[in-house]
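Enquirer: Next one to model:
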Amino acid sequence: MNLEAKSLALFMRVAALGAIGRAGMEFNLSPTNASQRIQALEAELGVKLFHRTTRAVSLTHDGQVFIEHARRILDDIEETRNVFKGDAMQVQGTLKVAVSASFGRHYLVPFVPELLRLYPNLKLDIDFSDKRVDIVEQGFDVAFRMGELESSSLLARRIDDCPMVLVASPDYIARVGQPETVECLANHACIPFERLNTWRLKDRQGNLHEVFASGPVTINWGDAISELVEAGVGIGLAALWHVGPALREGRVVQVLPEYSFYPETNIWAVRPPGRLTPARVKVFLDFMEQKIRETNRMRYGDFF
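Expert: Residues are numbered from 1 along each chain as shown. The predicted structure is shown next:
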């Protein structure tokens with residue numbers, strides 16, 4: 001699809017003025033040329049955008065739907081120009097972000113004040129939910145996801161690694177003992193994450209080992225796994241960004257450190273396909289990637 005910025009801008013002015021000829025004059029177009037541009041835009045979209053009478057034009061239902069898309073496309077183009085000119089004040093608009101509650105609390109909220117100081121005209125609409133959302137259908141600009149990405153048309157950007165480790169409290173190890181192999185985990189109280197009951201780990205020779213993990217509780221919130229592990233409930237599979245501080249302070253210890261979780265997991269930012277990257281998305285992702293990487297190195301850099 002070929003949507004010219006000038007045609008979109010003309011469409012917006014026709015909608016505002018209710019007259020094709022008057023709008024065309026602002027673009028140095030004759031009434032005939034302006035009308036032809038609107039007709040070409042309608043043909044490109046395959047819909048009728050305006051009701052036309054001899055006195056005025058008005059938006060059709062499709063025109064009312066399209067006007068929001070046209071406005072956003074034009075805003076994105078202008079915003080991108082301003083960013084590459086280095087004008088932070090012109091980064092503007094609302095950025096709609098989806099993120100899990102735990103990750104958002106640790107990795108977005110602490111950095112929001114600095115981001116807004118850098119870009120005072122930017123607004124954030126952050127949805128904290130552990131349910132995976134349809135970002136296209138629900139109108140999100142960006143969503144953060146961990147682990148393997150499913151095949152889709154979404155545009156993905158790798159933000160950083162997200163290593164998973166097995167951990168237990170020193171008290172649990174003292175009571176039950178340290179498992180020597182992956183297969184020994186079947187005899188331990190394990191705390192699966194999001195019903196991930198089959199744990200797959202790779203040894204240093206590259207051999208893959210699987211074990212069915214079961215225990216007294218299954219959790220879908222990483223912070224809760226960390227708390228239960230520290231309380232001595234069992235062995236938990238957790239992201240290093242969750243348990244890095246606890247490992248550093250000795251509140252938990254790593255179990256089977258010679259094994260790595262398989263497949264490797266990463267932190268991703270995904271966004272809708274088929275659009276020029278809006279400047280507000282670009283500056284947000286550049287900023288957050290830097291902060292997330294710095295924070296990860298601080299929380300667990302010497303464990304990985």
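Enquirer: Dump the helix or strand harbouring L228 to PDB, restricted to CA.
Expert: With elements taken from DSSP states H and E, the one containing L228 is helix 222-230. Output for helix 222-230, consisting of C-alpha atoms alone and laid out as PDB, is shown next (Å, rounded to 0.1, in the frame of the first residue of the first chain):
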ATOM      1  CA  GLY A 222       8.300 -14.700  39.600                       C
ATOM      2  CA  ASP A 223       8.500 -12.600  42.800                       C
ATOM      3  CA  ALA A 224       6.400 -15.200  44.600                       C
ATOM      4  CA  ILE A 225       8.700 -18.000  43.500                       C
ATOM      5  CA  SER A 226      11.700 -16.100  44.900                       C
ATOM      6  CA  GLU A 227       9.900 -15.600  48.200                       C
ATOM      7  CA  LEU A 228       8.900 -19.300  48.500                       C
ATOM      8  CA  VAL A 229      12.400 -20.400  47.700                       C
ATOM      9  CA  GLU A 230      13.800 -18.200  50.300                       C
END
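Enquirer: pLDDT of it, averaged?
Expert: Averaged over helix 222-230, pLDDT sits at 86.
Enquirer: List the buried residues in that helix.
Expert: Within helix 222-230, the residues that qualify as buried by neighbour count (16 or more other CB atoms under 10 Å) are G222, D223, A224, I225, S226, L228, V229, E230. Heads up, the C-betas are built off the backbone N, CA and C, glycines and all.
Enquirer: One more: stretch 258-275?
Expert: Buried residues in stretch 258-275, counted by 16+ other CB under 10 Å: Y259, S260, F261, T265, N266, I267, W268, A269, V270, R271, P272.
Enquirer: follow-up on the earlier one: which other helices and strands contact the helix holding L228?
Expert: Packed against helix 222-230, as judged by 3 or more CB pairs under 8 Å, 6 or more residues apart in numbering; DSSP states H and E, are the following elements: helix 101-107, strand 190-191, strand 235-239, helix 240-249.
Enquirer: Mind putting those into CSV with mean pLDDT, mean neighbour count and distance to D302?
Expert: As requested, the helices and strands packed on helix 222-230 are exported to CSV (pLDDT from 0 to 100; neighbours: other CB atoms under 10 Å; distance: least, CB to CB, whole Å):
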stretch, mean pLDDT, mean neighbour count, distance to D302
helix 101-107, 89, 18, 19
strand 190-191, 92, 26, 25
strand 235-239, 90, 26, 16
helix 240-249, 87, 20, 8
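Enquirer: how about these, which one is nearest L208?
Expert: The minimum distance between L208 and the helices and strands packed on helix 222-230 falls on strand 235-239, with 15.9 Å, by CB to CB.
Enquirer: What are the contacting residues of that closest one?
Expert: Outside of strand 235-239, the residues within contact range by CB atoms under 8 Å, 6 or more residues apart in numbering are 146, 162-168, 172, 179, 185, 188-193, 196, 199, 213, 215, 222, 225-226, 228-229, 243, 255, 261, 265.
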